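Participant: sequence and predicted structure, then a few things I'm wondering about:
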Amino acid sequence: PKREFEGAALLRRMSRYGLLADDELELDSVLQLTTQKLLERRLQTKVYKQGLAKSIHHARVLIRQRHIRVGNQLVNVPSFNVRTSSEKHIDFSTNSP
């Protein structure tokens, strides 16, 4: 069935973005996702939690003014979903003052 093929891909993607833990890899746990979990994965929240910004609003301004990069990629979208593998690569851009 179609659900078996797309279900595995969905669970892999949810795990990659840190929305599901390794022990929650079932389709039923996708229905248990909360808005809070989705908001915690946003770049704006990650920049604030890592201490790069003084407030959540300051984080948004820094991102929009192109001061934040994820790895080598400059990101200027506050709603960018951060993968678990990219979390440790959030930093100020090289040309940021």
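Facilitator: Arrived safely, thanks for sending.
Participant: pull the distance from the longest helix along the chain to the chain's centre.
Facilitator: The helix that spans the most residues within the chain, counting by DSSP state H, is helix 2-16. Relative to its parent chain, helix 2-16 has a centroid offset of 18 Å by Cα atoms, centre = their mean, to the nearest Å.
Participant: just the buried residues of that helix, please?
Facilitator: Along helix 2-16, these residues count as buried under the neighbour rule (16 or more other Cβ atoms under 10 Å): 11, 14-15. (C-beta placed from N, C-alpha, C; glycine too.)
Participant: can you give me the strands in the chain?
Facilitator: Secondary structure of the chain by DSSP state E: the strands cover 68-70, 73-74, 90-92.
Participant: deepest-packed of those strands, please.
Facilitator: The densest packing among those, expressed as mean neighbour count by mean count of other Cβ atoms under 10 Å, is seen in strand 68-70 with a mean of 21.
Participant: contact partners for the spatially most central residue of the chain?
Facilitator: With the centre of the chain defined as its mean C-alpha position, the nearest residue by Cα atoms, centre = their mean is Val82, 2.4 Å away. Under the criterion of Cβ atoms under 8 Å, 6 or more residues apart in numbering, the contact list for Val82 reads 17-18, 41-43, 46, 70, 90.
Participant: before I go, just wanted to say thanks for your time.
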